[in-house]
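Student: fold the stuff below for me.
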Amino acid sequence: MNETANCAACANGRTFPIAITMAFQPIMDVSTGQVFAHEALVRGEAGESAGLVLSGLDDENRYAFDQMCRVKAIDLAASLGIAKSGALLSINFLPNAVYEPSACIRQTLAAAKRAQFPIENIIFEFTEGERIDTDHLLNILQAYRAMGFKTAIDDFGAGFAGLGLLASFQPDIVKLDMDLIRNIDSDRPKRTIVSHTLSMLRDLGITPLCEGIESVAEYQCLADLGVNLMQGYLFAKPSLASLTKPDPSFLRVA
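Tutor: Next up, the predicted model:
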């Protein structure tokens, strides 16, 4: 599919087999007890899982799907008052559905303008679990940063991008993969790996975010390692087309 066809696919909104919405999961700043951001996670309107929704992706509809997800996330976030609360909005994007950053961002910019959602309050995150052309990804990330968006790598430590990408581009945020976090309080090798990864990220001027936290013991271990941004079921599960107010009562807020 050439670039002209790609533009047509996005503009025409090729039919996606499942009507989508977003579930929002908070990202906590545990140093303040406040919500730092809400991540928009794709779901079916009837509550279908992300896996089921993504199973409908193919080469013909991925461009329109990626655009549809961005617009839906911004529209819902605006209606729920996320920007007014001071929190950021984190949107997952498909690098392989972006053929040219300035062309593929038009609908996003239009949605943000219509909803009066500040673009500096939007984080674009991608998972390094998808094999992609590094030069193409760098072009996207650099373009998004120049436009005023924030950028993040998701699932760091479990995919293809890794250290090679960080040597060429330092995103605003790196989210450590949940497999590194699970039972970190009782797993010395994981603590060692995470501790050194955190030091590296800080030296590079990158904010670390640990995801997949499910126990108070995991939280306490990460807090001891100096992690401020955390996400996981311990704080709140994703909430369909709505926001969940986390209970920060157990946090050691300064």
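
Student: give me phi/psi at the closest residue in space to residue 201 that isn't next to it in sequence?
Tutor: The shortest distance from residue 201 to any residue that is not its chain neighbour, by C-beta to C-beta, 6 or more residues apart in numbering, is 4.7 Å, and that residue is residue 208. All C-beta spots, glycine's among them, are computed from the backbone N, C-alpha and C. Backbone geometry at residue 208, expressed as degrees, to the nearest 10, gives phi -80, psi 150.

Student: and for the one 5 residues further on?
Tutor: Listed backbone geometry of residue 213 is phi -80, psi 130, with angles given as degrees, to the nearest 10.

Student: looks like it contacts residue 230 (just checking).
Tutor: Yes: taking C-beta atoms under 8 Å as the contact criterion, residue 213 and residue 230 are neighbours in contact, 5.3 Å apart.

Student: who touches both of the two?
Tutor: Listed contacts common to residue 213 and residue 230 are 219, 222; contacts here mean C-beta atoms under 8 Å, 6 or more residues apart in numbering.

Student: so how far is residue 144 from residue 170?
Tutor: Distance of residue 170 to residue 144, computed by C-beta to C-beta, to the nearest Å: 13 Å.

Student: more crowded one of these two?
Tutor: residue 144 (22 against 16; other C-beta atoms under 10 Å).

Student: what is the longest helix seen in the chain packed up against?
Tutor: Longest helix in the chain, counting residues (DSSP state H): helix 62-79. The helices and strands touching helix 62-79, judged by 3 or more C-beta pairs under 8 Å, 6 or more residues apart in numbering; DSSP states H and E, are helix 3-12, strand 20-29, strand 34-44, strand 88-92, helix 101-104, helix 106-115.

Student: relative to strand 88-92, how tilted is it?
Tutor: Calculated by axes from the mean of the first three to the mean of the last three C-alpha atoms, to 10 degrees, helix 62-79 forms an angle of 160 degrees with strand 88-92.

Student: CA atoms only for helix 62-79, dumped as PDB, please.
Tutor: Coordinates of the C-alpha atoms in helix 62-79 are reproduced here as PDB (Å, rounded to 0.1, in the frame of the first residue of the first chain):
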ATOM      1  CA  ARG A  62      -4.300  -0.800  10.700                       C
ATOM      2  CA  TYR A  63      -3.900   2.800   9.500                       C
ATOM      3  CA  ALA A  64      -7.500   3.800  10.100                       C
ATOM      4  CA  PHE A  65      -7.500   1.800  13.400                       C
ATOM      5  CA  ASP A  66      -4.500   3.700  14.700                       C
ATOM      6  CA  GLN A  67      -6.100   7.000  13.900                       C
ATOM      7  CA  MET A  68      -9.400   5.900  15.400                       C
ATOM      8  CA  CYS A  69      -7.800   5.000  18.700                       C
ATOM      9  CA  ARG A  70      -6.000   8.300  19.000                       C
ATOM     10  CA  VAL A  71      -9.200  10.300  18.300                       C
ATOM     11  CA  LYS A  72     -11.300   8.200  20.600                       C
ATOM     12  CA  ALA A  73      -8.700   8.500  23.400                       C
ATOM     13  CA  ILE A  74      -8.600  12.300  23.200                       C
ATOM     14  CA  ASP A  75     -12.300  12.800  22.900                       C
ATOM     15  CA  LEU A  76     -13.000  10.600  25.900                       C
ATOM     16  CA  ALA A  77     -10.200  12.100  27.900                       C
ATOM     17  CA  ALA A  78     -11.500  15.600  27.300                       C
ATOM     18  CA  SER A  79     -15.000  14.600  28.300                       C
END
